[in-house]
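Trainee: sequence first, then the predicted structure, then my questions.
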Protein chains: 2
Amino acid sequence: MNNWTEFIGYVGSFLTSITFIPQVYKSWKSKSVGDLSVWMILIVITSTIVWLVYGFGINSGPVISANTVVLTLSLVLFYFKLTFKKQ
Amino acid sequence: MNNWTEFIGYVGSFLTSITFIPQVYKSWKSKSVGDLSVWMILIVITSTIVWLVYGFGINSGPVISANTVVLTLSLVLFYFKLTFKKQ
């Protein structure tokens, strides 16, 4: 792996990290999550945990950092999904 | 990287690949995507393209395969977002 690849990895990591920020913001503002699939959220939670294990296994900073943030935000969305009443 | 790590990577890859399947299914059935953030979808499209470049760079099968599927499904969600009328 060279520096260029590492850089691209961190760009991907950054973008993945911010993926759920607009969704969390929109859901928080609207208090409406009826159109969100709870299965999608549960799969994201599960997959990020698995990716974290993989990230530590291959010692990939981008994989570890991105999935830590996404796991946190997907737990927030899951909380919203449980809390906000369906419209 | 050992076989165990590779296996975990493919489990993560599989889970990530199926992440948007329930969301695409729910959106298709309900024809309602008002609660979905278009910015989330656009970030997913961008990030998966970047991850594909990274995946080829580090020659990671799990990264490449997962992001190929997610890119395809996020393009479908983007099409839904453009097509279905807001409720």
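Mentor: Thanks, I have the structure now.
Trainee: count the residues that sit near A:Leu82.
Mentor: 10 (other CB atoms under 10 Å in any protein chain shown). Glycine gets a C-beta too; all of them are placed from N, C-alpha and C.
Trainee: so it, which of the three states?
Mentor: helix (DSSP: H, G, I helix; E, B strand; the rest coil).
Trainee: which residues are in contact with stretch A:69-84?
Mentor: Outside stretch A:69-84, the residues that touch it by CB atoms under 8 Å, 6 or more residues apart in numbering or on different chains are A:16-21, A:23-24, A:27-28, A:31-33, A:36, A:38, A:41-42, A:44-45, A:48-49, A:52.
Trainee: restrict that stretch to CA atoms and write it as CSV.
Mentor: In CSV, the C-alpha atoms belonging to stretch A:69-84 read as follows (Å, rounded to 0.1, in the frame of the first residue of the first chain):
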residue,chain,number,x,y,z
VAL,A,69,-18.5,6.7,13.5
VAL,A,70,-21.2,4.9,11.4
LEU,A,71,-21.9,2.5,14.3
THR,A,72,-22.5,5.4,16.6
LEU,A,73,-24.8,7.3,14.2
SER,A,74,-26.7,4.1,13.2
LEU,A,75,-27.4,3.5,17.0
VAL,A,76,-28.8,7.1,17.1
LEU,A,77,-31.1,6.3,14.1
PHE,A,78,-32.2,3.1,15.8
TYR,A,79,-33.0,5.0,18.9
PHE,A,80,-35.0,7.5,16.8
LYS,A,81,-36.8,4.6,15.1
LEU,A,82,-37.9,3.2,18.5
THR,A,83,-38.8,6.6,19.9
PHE,A,84,-40.5,8.7,17.2
